[in-house]
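>>> Task: produce atomic coordinates for the following.
(2 chains)
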Amino acid sequence: MTAHSLLPGPLSGPRLHARSRAVLLTLAALCGTALAAVWAAGLLDAYLDPDRRVRVVALAPLLAAAVIGTGLHSPSAELDATAVRPWWPRRLAHLLAPTALAALLLPLAVLGHPETFGAPAVVRNLLGCTGLVAASAVLLGARLSWLPATGYVFAAVLSTSGARGHWARLATWPVQAQAGSATWAVALTVFAVGAALYARHGARAGTLPD
Amino acid sequence: MSHPTSTSTVGAPEAPGTPPHSTARRRRAPHPLRSEALRGFAPWAGVTTASAVIASMALNSARWQGGWAETASELHTTQLIVLPLTVAAGCWQGGRERRRRTGELWATAARAPLARLLVSALPVAVWTALGFLAATVSAMLATWPYTQGDTPHLGLLPGDVVTTAGVALVGHVVGRVVPWRLTGPVLAVALFAWLSTILVDAGGPSRLTPARPVGDDLLPVWWQPLAVIGWTGGLTAAAVLAYAARRRITALLPLAVAAAAALALTTSTEVPYRTDPLALRQVCDTSTTPAVCVNARYAGVLPQVRAALAPVTEKLEGVRGLPARWEDLPGSTDRDEAQLPILTPRGWSFVRGRLTHPRQYAWEAVAMLEGGDRCEKRGTRTTDELVEHYLAPSPVEADFDRLDARGTKADRAALRRTLAVRARFAALSPEARRTWLSGYFIAARSGACSDPEVPLP
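Residues are numbered from 1 along each chain as shown, chains lettered A, B, ... in the order given. Predicted structure coming up:
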């Protein structure tokens, strides 16, 4: 089944755009990610120690951001460049809609204990990772946009216990338990920069290092 | 052009009439491996691996910088992120022909599938291994200026490098087999989650995990790198041969090697690590009583420890009943010795070769002299506090006194009594003070935890 056949009905601009980007498959993959996160969180026995949820809180948003990022690929980049209408509203909607869906679904994996790796931390990480992925899509291309964010989040998770000091905690925002204002500011800034870059330039046609 | 220059077009047909000897001067077409290694994704994979490892190491620098053993252990721990990143990078490279839609074109090539696969896959494997090596060299250069003894620990490196390259090859095979754009990130996240979960389990199968942490005071035995290379390299070769070899049954040979290595790693009665002989030695300054000994792994810190404890040892001159030395070896302490306050794990009181809180360290050393660590239930006693106040007051003692002064009536009364005892002790003659301290240490270190306190001065 292709994404094309998943969206029946008259061909309007937004519908065509969604079809060409396989948006439904992206949304389905996000639902799958949320289910996997719920399953993984259930295995952690987090009721014994909510800190165990750090892996779910860091990795589930990363995976969701990877899904969103690869979904930004355009199969007709050269054709897109000839369009008369401004692209930024469509690009922004294309980025924000799946992000909003993931922000609704992923917190289901870590309900309760919002002070230690709870829903606020998941939403914060989702926004930060999506920003990283969107910026990477502009620079590297959508298909490989997950790689820099993956390296960054992995490095942060490995540094969970060792990062001390204000700046080190800010640098490891994906693994800070308390979704405090400073880590939110970093994640929101990354998201805003990434979203603005993507809305302005779109994903790179093709992939830089292929 | 009768004499082609070195800038002539690669592969261009030779002009008619060109002397045969001139072909030797013509630049040969570069080997496909060279082109693959220098262009495309492979160098980026190496840069990503190196960046992730360096970032992770930098965020934890206080924990390893200055210790060769800690640096090696921390670098080995980064395999937890290197392997998932590498498998994802290999996966991405493996899906290249599908993305380029050149699969059918390659199918018409004269080269065997195995050669085609290796030409495409080896550069990513080599670059990711080089990325890990580059991060290793960077970390060792960063730790070098702060080292206090010991020599570089390289025993785990061969296994880690081969495993990194092998996982890239396995990822490449997966990327060719699974036609899904999310295979790379999903594989990376799943491998990371699995590795970090299985490491919690200390059972036999976890010994097969390449990212299993190794303690700072452990060294791999001679056959450990061989077994790890056999295990991960064997699995890798089996996967590659099973996918691309002309005779797939040849995959059984490396699989047998991997199985043998796995058996050696899991069922051997000998754990593949031994205690570092250097960690079982210590260097001592015997000019004081008690003598000051630090572990030979960081022998260079002895002058700092000696300086931190100098105020204590000066006040203890002529006092009897003291242990012979502060010792710093693994295992239990002899009756005639006191444990030196621990310097490791690094990153707390011992950072980049420096004692961070000498006053706190001296207070802890005095507490060790009192022998309270031998008693499970002995609480804080007035005489202990008095001795600590005299020899090396805790940096937070004044804060506690201030809290007591603002506390309840009982707190204030207790503080008054404490201050009076301190004043009486300070007023004693040096000889009387030494006599009292001798009695105190003889009683405190007698081993009888329920002994009554030595009468206060």
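>>> What strand or helix carries the residue nearest to the spatial centre of chain A?
Per C-alpha atoms, centre = their mean, the C-alpha nearest to the average position across chain A is that of A:A65, at 2.1 Å. In this structure, A:A65 sits in helix A:54-70 according to DSSP states H and E.
>>> is that helix anywhere near chain B?
Yes: counting by C-beta under 8 Å from any C-beta of the partner chain, chain B has neighbours in helix A:54-70: A:R55, A:L59, A:L62, A:L63, A:A66, A:V67, A:T70. C-beta here means a position set from N, CA and C on the backbone, and glycine is covered the same way.
>>> sorry, back to before: which residues sit in contact with the closest residue to the residue nearest to the centre of chain A other than its chain neighbours?
Of all residues not flanking A:A65 in the chain, A:C129 sits nearest, at 3.6 Å (C-beta to C-beta, 6 or more residues apart in numbering or on different chains). Contact partners of A:C129, counting by C-beta atoms under 8 Å, 6 or more residues apart in numbering or on different chains, are A:P61, A:L62, A:A64, A:A65, A:A149, A:V153, A:P174.
>>> now the helix or strand where A:C129 lies and helix A:54-70, what's the angle there?
Per DSSP H and E: A:C129 is located in helix A:119-140. Angle between the axes of helix A:119-140 and helix A:54-70 is 40 degrees (criterion: axes from the mean of the first three to the mean of the last three C-alpha atoms, to 10 degrees).
>>> List the buried residues of helix A:119-140.
Of all the residues in helix A:119-140, those buried under the rule 16 or more other C-beta atoms under 10 Å in any protein chain shown are A:119-138, A:140.
>>> how many other residues sit next to the closest residue to chain A within the stretch 301-450 of chain B?
Going by C-beta to the nearest C-beta, chain A is nearest to B:G347 of the stretch 301-450 of chain B, at 7.0 Å. Here the count is done by other C-beta atoms under 10 Å in any protein chain shown, and B:G347 has 20 residues near it.
>>> now B:A310
For B:A310, the neighbour count with other C-beta under 10 Å is 14.
>>> check which helix or strand covers the residue lying closest to it once chain neighbours are set aside.
Using C-beta to C-beta, 6+ apart and skipping the chain neighbours, the partner closest in space to B:A310 is B:T288 (7.9 Å). Per DSSP H and E, B:T288 falls between elements, in no helix or strand.
>>> Stretch B:91-101 and chain A, are they touching?
Yes: Stretch B:91-101 is in contact with chain A by C-beta under 8 Å from any C-beta, via B:W92, B:R96, B:R99, B:R100.
>>> which residues does whatever residue of chain A ends up closest to chain B contact?
Nearest to chain B in chain A, going by C-beta to the nearest C-beta, is A:G162, at a distance of 3.3 Å. Neighbouring residues of A:G162 by C-beta under 8 Å, 6+ apart: B:L59, B:N60, B:A62, B:R63, B:G347.
>>> Let me see the domain layout of chain B.
B:32-277, B:281-444 (automatic domain parsing).
>>> what's the burial count for B:D334?
12.
>>> again with B:A296
By other C-beta under 10 Å, neighbour count at B:A296 equals 20.
>>> The one 10 residues further on too?
Each residue near B:R306 was counted by other C-beta under 10 Å, and the total is 17.
>>> so how far is B:E364 from it?
15 Å (C-beta to C-beta, to the nearest Å).
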